[in-house]
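Q: here is a sequence together with a model predicted from it:
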Amino acid sequence: MENAFDLPAVSDPMSRHPKIPGPGEPIRLHHSLCYGCGDDAPIGLRLKVIAGEGFTVSAQMVVEQWMQGGPGVIHGGVLTAAFDEILGTAPLTIGAPVVTAHLEVDFAKPIPLGSTLHLDAEVLAKERRKVFVRASAHLGDPENPVATAHSIFVEIDLKKHFAAYRDDAAQSRP
């Protein structure tokens, strides 16, 4: 299988977007029914993504019973959805609204139900519309990840991209 995650030799210049919240502050959700971050989603992760320094973000998630895959552990798809949310939020630190083009997850250790999962993501590079992001998940020790992920996102015009699906889905964030 070909690895689609090769960083560009030279990244486009990146700077922190002036409207991104300061380190330690939440990044507002993009719409209330989003499975990843929406407060009003009937079933969802409801991640609260926090801005970090530079081009980083973080979030925490309690691994609940309904997230179970194998006996007593999180389902890999639920973990992948959590990664997709935090990885897709990180590009907002450079002012880039994006959609997922490529996402790879490496599962290192089982993640037990009832544990608190810590997720961290960082924008690594930008090349034209492509934004390259990596993330890791741990159970309290950043030096001991339980999973890692990397992704390529494509910058979009929100209003044009979602126009055919929902008129008000083009709410921008940060």
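A: Good, I have the coordinates. Numbers count the residues shown, from 1 in each chain.

Q: isn't residue 43 up against residue 66?
A: Yes: between residue 43 and residue 66 there is a contact under C-beta atoms under 8 Å: 7.4 Å. Every C-beta, even on glycine, is put in place using the N, C-alpha and C of the backbone.

Q: how about the strands in this structure?
A: 50-51, 56-62, 98-107, 116-127, 130-138, 145-155 (DSSP state E).

Q: quick one, which of those strands is nearest to residue 15?
A: With C-beta to C-beta as the measure, strand 116-127 is the member of those nearest residue 15 (10.5 Å).

Q: what mean pLDDT would you report for that closest one?
A: The average pLDDT for strand 116-127 rounds to 98.

Q: what helices or strands is it leaning on?
A: Strand 116-127 is packed against strand 56-62, helix 76-89, strand 130-138, with contacts defined by 3 or more C-beta pairs under 8 Å, 6 or more residues apart in numbering; DSSP states H and E.

Q: identify each buried residue in the second one, please.
A: Just to be clear, that refers to helix 76-89. 78, 79, 80, 81, 82, 83, 84, 85, 86, 87, 88, 89 (16 or more other C-beta atoms under 10 Å).

Q: can I get the residues you listed in a markdown table with pLDDT and distance to residue 5?
A: Shown next, in a markdown table, are the buried residues of helix 76-89 (pLDDT from 0 to 100; distance: C-beta to C-beta, whole Å):
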| residue | pLDDT | distance to residue 5 |
| --- | --- | --- |
| 78 | 97 | 22 |
| 79 | 98 | 18 |
| 80 | 98 | 15 |
| 81 | 97 | 19 |
| 82 | 97 | 19 |
| 83 | 98 | 13 |
| 84 | 97 | 15 |
| 85 | 96 | 19 |
| 86 | 97 | 17 |
| 87 | 98 | 12 |
| 88 | 96 | 15 |
| 89 | 96 | 18 |
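
Q: what's near enough to touch residue 17?
A: Residues counted as contacts of residue 17 (C-beta atoms under 8 Å, 6 or more residues apart in numbering) are 92, 93, 94, 95, 174.

Q: tally of neighbours for the first one?
A: Residue 92 is surrounded by 25 other residues when neighbours are defined as other C-beta atoms under 10 Å.

Q: hang on, isn't it packed against residue 26?
A: No: Residue 92 is beyond contact range of residue 26, at 11.8 Å (criterion: C-beta under 8 Å).
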